[in-house]
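J.: Quick one: sequence plus predicted model below, questions after.
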Amino acid sequence: MTRLALLGALLVAMPAYGEEDSARELVEGFCAACHSLALVHQQRLSREVWDEVLTWMVDEQGMPELDAPDRAHILDYLSRTYGIDRPR
């Protein structure tokens, strides 16, 4: 197999870096800066409550303000991955 063919095969086999990955990285970057991600993982909150938590973190805990697209991306990820209907 030529190097080019091998590289092509490896690229096809690799998972795509997508929105889920970027949202997880945002959560890891903003949340793990101050506390363990175990605290995030154990929560099961609605999108509305996650939104309130983010507001509290910014207003009371010194988390940097999120721009609107990042905030929406994080809220989508948190409510999908750690939402109220997800099993613990």
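T.: Arrived safely. Worth saying up front: this structure is predicted, and the values here are computed from it rather than measured.
J.: Quick check: the residue nearest in space to the middle of the chain vs residue 38, distance?
T.: Geometric centre of the chain, nearest residue: residue 24, 2.6 Å, by CA atoms, centre = their mean. The gap separating residue 24 from residue 38 is 15 Å, by CB to CB, to the nearest Å. No exception for glycine: its C-beta is placed from N, CA and C like everyone else's.
J.: ditto for residue 22
T.: To residue 38, residue 22 is 22 Å away according to CB to CB.
J.: Have a look at the two and say which one is more surrounded.
T.: The neighbour count for residue 22 versus residue 38, taken as other CB atoms under 10 Å, is higher for residue 22 (13 against 8).
J.: tell me which residues in the helix or strand where residue 77 lies are buried?
T.: Using DSSP states H and E, residue 77 sits within helix 68-81. Buried residues in helix 68-81, defined by neighbour count with 16 or more other CB atoms under 10 Å: 71, 73-75, 77-79.
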